[in-house]
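# 3D model of this:
(2 chains, ligands or ions: 1)
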Amino acid sequence: MTERLRGAEIFVRALADEGVEFLFGYPGGSVLHIYDEIFKQDKFKHILVRHEQGATHAADGYARSTGKPGVVLVTSGPGATNCVTGIATAYMDSIPMVVFTGQVSTALIGNDAFQEVDCIGITRPCVKHNFLVERVEDLAATIKKAFFVATTGRPGPVVVDIPKDVTANVAEYSYPATVEMRSYKPNLKGHPGQIKRAAQLLATAKKPMIYTGGGVVLDNAAAELTQFARLLGFPVTNTLMGLGAYPGTDPQFIGMLGMHGTYEANMAMHHCDVLCAIGARFDDRVTGDLAKFCPEAKIIHIDIDPASIAKNVPVDVPIVGSVGHVLRDLIEVLQTSGVAAVKRESDAWWQQINEWRALDCLRFDKTSDKIKPQGVIQQLYKATDGDAYITSDVGQHQMWAAQFYPFDKPRRWINSGGLGTMGFGMPAAMGVQLAFPDATVACVTGEASFVMCVQELSTCLQYGLPIKIVSLNNRYMGMVRQWQEFFYDRRYSHSYMESLPDFVKLAEAFGHVGMRIEKPGDVEGAFKEAFAMKNRLVLMDFITDQTENVYPMIAAGKGQHEMHLAPEQAAAPAERELA
Amino acid sequence: MNERHTISILLENAAGALSRVSGLFSARAYNIESLAVAPTEDPTVSRLTVVTSGSPQIIEQITKQLNKLVDVIKLVDLNEGPHISRELMLVKVRAASPDHRAEVKRLADIFKAEVVDITDISFTLELTGSPQRLDDFVEAVGVRHVMEMARSGVLGLLKGSKALKA
Ligand SMILES: Cc1ncc(C[n+]2csc(CCOP(=O)(O)OP(=O)(O)O)c2C)c(N)n1
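Numbering: from 1, shown residues only, chains lettered A, B, ... in the order given. Next up is the predicted model:
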């Protein structure tokens, strides 16, 4: 049965039929017909943000934590342009998201009308796909396609640009049950011959490595990965985006790899003879200098996106398919062929890895009279029993969170890896907290990142989101300062954050609780106090040691075996003094 | 080593589809030597032929990235097998003196170029062939006599009875 509805009604009906729970949005002229219909319905909840960037990050956080698409609605012109950073953030990390942007009426398009921008043109390079809806008759089917494209294959953000007259015009409504697109048919099953070849190669490995990325999380294949790795007894490393896909506290896990990865993970990568890359994309922050990357390894690469395979690194056994499907098939081949049983003991290799591990590359000074940021993260881990959702911003604090909070479950570590968007953390935490109202959600941030979307503190108050904000306040754009210390002779050009606000008062001004913590001995108590406030957002301003750097570090352009270790571990400790 | 490849693409005949293709080339710094596009026997499908160059690894990436575009239905790298490629050129040649006019006409005959417009001082010629043949003709006529020219960009099809269909 079909009914005749106005475009705006079709929009809200379609979202309800799609099962949307939350719509993150901000109104304006071109979407007022839609907002009027939102007012009249109760199928999904609209979350009013304070800046459109916040809407995209919140939807993104919702998507990363639940696996369901995040949904955004904004007005034309500035509403749409304010979303671009959030869309690009989701695009770089392959996050399913559907962003609806208002557009001026079709008759005005191209006229430089009030609040007109070429949204399709502006967003084209940072979306998986985008649609301009020119006729109300196409609206429901386009919405269906948008969700289909966003959530299947390699996921990603999709923009749907809706002119105002389309929301006023009338058409028959029926929401399509399925979609067929001749030009878009993602392939899930891996090639059986290739899977067999991979199994054979794994069987020959003397120094194997399993290197996995965000693809395992996105495909909900953590259980398959864990089974696969345990079957073989091989060491596992995760990228920044892949943390939690293999239990971080498991002895087979040897830490994150890459620029700020562990010594053991990077050394094992450099020396391995068979590398099994799963849902990872050989990003430059992982590989370092490509010419020096895994010089001895034969490489198996499993990925849903053929374009990710052999993009940066030549691959011996490419397998295109969904990580979950391919791993299930590969496990079966390993079990029936008896490879699994043979491969359990690669003792000499583990011995070598454990020697690297013994260096304890993440060691830091625990006797300092200043608060060490690493120690704060360790205390956060304790206070949350290692079972929180942790979002982060971008900088040193992000790396310390990744290094010192081992994640045992996927979708618990939520950060902007690909684009590295400061301002992501707090709005992303809103999306997570809305999806999981009873869960512990903490945002690890820096005082510079935090203020980039600070306005969302109002949104948190409006919807009662009891996020715990852990700000590692070093009065610097710490990561920038670190690079300036290492590579620019300590010329700290514009990386010192002067005129910081009083963060305690700032939290209070927004109706929340603020705490300032200045002594190492007070960290544990502060967490106890903050997490006891179950229904309040608490902003914890930790005044940390400004001189602290993130170690180990592979400088850009170096090989994975050319790591800088912390001064207390390296031969010549560097003298450091700061403002 | 850079190679030149001709890639033939079936594309949804939708608004903005062409800009997705050209945007991909500029965003990823791939070369476009020529690009030709027009609708096919099925009006919902455009056929686009792009000539590009790059290392084998880059060419592979180009085809993969193109395939990833949601509006791309199918594509074939024509260099992977025997294929035909043709280009159309319209060229206006200055030729005023009787001797020169005779010479241009003689060259046109040799190259099987058709005269499509004449004035007292010029000929406009139409010529179809491989890009190399068009280059050869321009060289034979003499670049200094060319008043203006327009080339279609290369079009190509696979040889034999196999066809790329949506
Ligand atoms: C929007 C944006 N602008 C600039 C940068 C470059 N950048 C990377 S880390 C960083 C410093 C972050 O400082 P802070 O949030 O205080 O964290 P810290 O490194 O001190 O832990 C900057 C400016 C970025 N990643 N994102």
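# Determine the longest strand present in chain B.
Across chain B, the longest stretch assigned as strand under DSSP state E is strand B:83-94.
# Could you check how many residues crowd around the residue in chain B that the ligand sits nearest to?
Nearest residue of chain B to the ligand (CB to the nearest ligand atom) works out as B:A27 at 20.3 Å. C-beta: built from backbone N, CA, C; applies to glycine. Neighbourhood size, B:A27 [other CB atoms under 10 Å in any protein chain shown]: 12.
# Same check on A:E180?
9.
# again with A:D365
13.
# wait, isn't it in contact with A:E568?
Yes: counting by CB atoms under 8 Å, A:E568 is a contact partner of A:D365 at 7.2 Å.
# tell me the mean pLDDT for the helix or strand following the longest strand of chain B?
Next helix or strand after strand B:83-94 toward the C-terminus (DSSP states H and E): helix B:98-111. Taken as a whole, helix B:98-111 has an average pLDDT of 97.
# Give me the contacts around helix B:98-111.
B:93, B:95, B:113-115, B:123, B:125, B:127, B:129, B:133, B:136-137, B:140-141, B:145 (CB atoms under 8 Å, 6 or more residues apart in numbering or on different chains).
# What subset of these is buried?
B:93, B:95, B:113, B:123, B:125, B:127, B:129, B:133, B:137, B:141, B:145 (16 or more other CB atoms under 10 Å in any protein chain shown).
# could these be laid out in a markdown table, adding secondary structure and distance to chain A?
Converted to a markdown table, the buried ones among the contacts of helix B:98-111 look like this (DSSP: H, G, I helix; E, B strand; the rest coil; distance: CB to the nearest CB, whole Å):
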| residue | secondary structure | distance to chain A |
| --- | --- | --- |
| B:V93 | strand | 39 |
| B:A95 | coil | 44 |
| B:A113 | coil | 39 |
| B:F123 | strand | 40 |
| B:L125 | strand | 38 |
| B:L127 | strand | 35 |
| B:G129 | strand | 33 |
| B:R133 | helix | 35 |
| B:F137 | helix | 38 |
| B:V141 | helix | 41 |
| B:H145 | helix | 41 |
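# Near the ligand, which residues of chain A? Just list them.
Neighbours of the ligand within chain A, by CB under 6 Å from any ligand atom: A:393-397, A:420-422, A:446-449, A:472, A:474, A:476-480.
# which ones among those are found in strands?
Per DSSP E, the residues of chain A next to the ligand map to strands at A:446, A:472.
# Could I have the CA atoms of the helix or strand where A:T142 lies written out in PDB?
Taking DSSP H and E as the definition, A:T142 sits inside helix A:139-151. Taking Å, rounded to 0.1, in the frame of the first residue of the first chain, the C-alpha atoms of helix A:139-151 are listed here in PDB:
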ATOM      1  CA  LEU A 139      13.700  10.600  -2.200                       C
ATOM      2  CA  ALA A 140      12.800   7.300  -0.500                       C
ATOM      3  CA  ALA A 141      14.800   5.200  -2.900                       C
ATOM      4  CA  THR A 142      17.800   7.500  -2.600                       C
ATOM      5  CA  ILE A 143      17.700   7.300   1.200                       C
ATOM      6  CA  LYS A 144      17.600   3.500   1.000                       C
ATOM      7  CA  LYS A 145      20.600   3.500  -1.400                       C
ATOM      8  CA  ALA A 146      22.500   5.900   0.900                       C
ATOM      9  CA  PHE A 147      22.200   3.600   3.800                       C
ATOM     10  CA  PHE A 148      23.100   0.600   1.600                       C
ATOM     11  CA  VAL A 149      26.200   2.100   0.200                       C
ATOM     12  CA  ALA A 150      27.300   3.600   3.600                       C
ATOM     13  CA  THR A 151      27.100   0.200   5.400                       C
END
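# the inter-axis angle of the next helix or strand after it versus helix A:139-151?
The helix or strand immediately downstream of helix A:139-151 is strand A:157-163, counting by DSSP H and E. Between strand A:157-163 and helix A:139-151, the angle comes out at 160 degrees (axes from the mean of the first three to the mean of the last three CA atoms, to 10 degrees).
# Establish whether strand A:157-163 and chain B are in contact.
No: for strand A:157-163, no contact with chain B is found by CB under 8 Å from any CB of the partner chain; the gap never falls below 8.9 Å.
# With stretch A:86-100 instead?
No: using CB under 8 Å from any CB, we find that stretch A:86-100 stays clear of chain B, coming within 11.9 Å at best.
# now stretch A:138-156
Yes: judged by CB under 8 Å from any CB, stretch A:138-156 and chain B are in contact via A:V149.
# any idea of the mean pLDDT in that stretch?
98.
# Identify the residues contacting B:V72.
Per CB under 8 Å, 6+ apart, neighbours of B:V72: A:183, B:9-12, B:21, B:66.
# Those residues in strands, which ones?
Per DSSP E, the contacts of B:V72 map to strands at B:9-12.
# Which one of the residues you listed is nearest to chain A?
Nearest to chain A among the ones in strands among the contacts of B:V72 is B:E12, at 5.7 Å by CB to the nearest CB.
# So in terms of bridging, what pairs with the closest one?
With DSSP bridges applied, B:E12 shows beta-bridge pairing to B:V45.
# residues from chain A in reach of chain B?
Close to chain B, as judged by CB under 8 Å from any CB, chain A has residues A:120-121, A:124-125, A:128-129, A:132, A:134, A:149, A:181-184, A:305-307, A:310-311, A:314.
# Filter these down to the ones in helices?
Among those, DSSP state H puts A:120-121, A:149 in helices.
# Of those, which is the most crowded?
A:V149 leads these on contacts (other CB under 10 Å) with 25 neighbours.
# how near is that residue to the ligand?
27 Å (CB to the nearest ligand atom, to the nearest Å).
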